[in-house]
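[1] take a look and give me a structure for this.
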Amino acid sequence: MAKSKDVRVTVILECISCVPNGVNKVARGISRYITQKNRHNTPNRLELKKFCPYCYKHTIHAEIKK
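    Below is the predicted model:
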């Protein structure tokens, strides 16, 4: 049985340039990625540079709450 305090947790990364712009009029959504992080090694919020298909460029994707 899995405990509620697992070391590896699933996180959702969301494009930070799509959100403040209210999503471009051409785009229909916000880029999101699902990944895992180690809670002990990375206690802070995770930020990775990923490709956003709505912005058509590599942007910073930050961890959001579920």
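[2] for the helix or strand harbouring Lys49, packing partners?
    Using DSSP states H and E, Lys49 sits within strand 47-52. Counting contacts by 3 or more C-beta pairs under 8 Å, 6 or more residues apart in numbering; DSSP states H and E, strand 47-52 packs against strand 8-15, strand 32-38, strand 57-64. Backbone N, C-alpha and C define where each C-beta goes, glycine included.
[3] make TSV out of those strands and add mean neighbour count.
    Output for the helices and strands packed on strand 47-52, formatted as TSV (neighbours: other C-beta atoms under 10 Å):
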stretch	mean neighbour count
strand 8-15	16
strand 32-38	13
strand 57-64	15
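[4] can you redo those as CSV with mean pLDDT and distance to Glu47?
    Shown next, in CSV, are the helices and strands packed on strand 47-52 (pLDDT from 0 to 100; distance: least, C-beta to C-beta, whole Å):
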stretch, mean pLDDT, distance to Glu47
strand 8-15, 93, 8
strand 32-38, 93, 11
strand 57-64, 93, 5
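[5] what's the closest of these to Leu46?
    When the helices and strands packed on strand 47-52 are compared by C-beta to C-beta, strand 57-64 sits nearest Leu46, at 4.4 Å.
[6] relative to strand 8-15, how tilted is the closest one?
    130 degrees (axes from the mean of the first three to the mean of the last three C-alpha atoms, to 10 degrees).
[7] show me the contact partners of strand 57-64.
    11-18, 31-33, 37, 45-52 (C-beta atoms under 8 Å, 6 or more residues apart in numbering).
[8] and if we set it to 10 Å?
    By C-beta atoms under 10 Å, 6 or more residues apart in numbering, the residues outside strand 57-64 that reach it are 11-19, 30-33, 35, 37, 42, 44-52.
[9] once you drop chain neighbours, what's closest to the residue nearest to the spatial centre of the chain?
    Centroid-nearest residue in the chain: Leu13, 0.5 Å away (criterion: C-alpha atoms, centre = their mean). Excluding its sequence neighbours, the residue lying closest to Leu13 (C-beta to C-beta, 6 or more residues apart in numbering) is His61, at 3.9 Å.
[10] wait, what's in contact with Lys49?
    Taking C-beta under 10 Å, 6+ apart, we find Lys49 in contact with 58-61.
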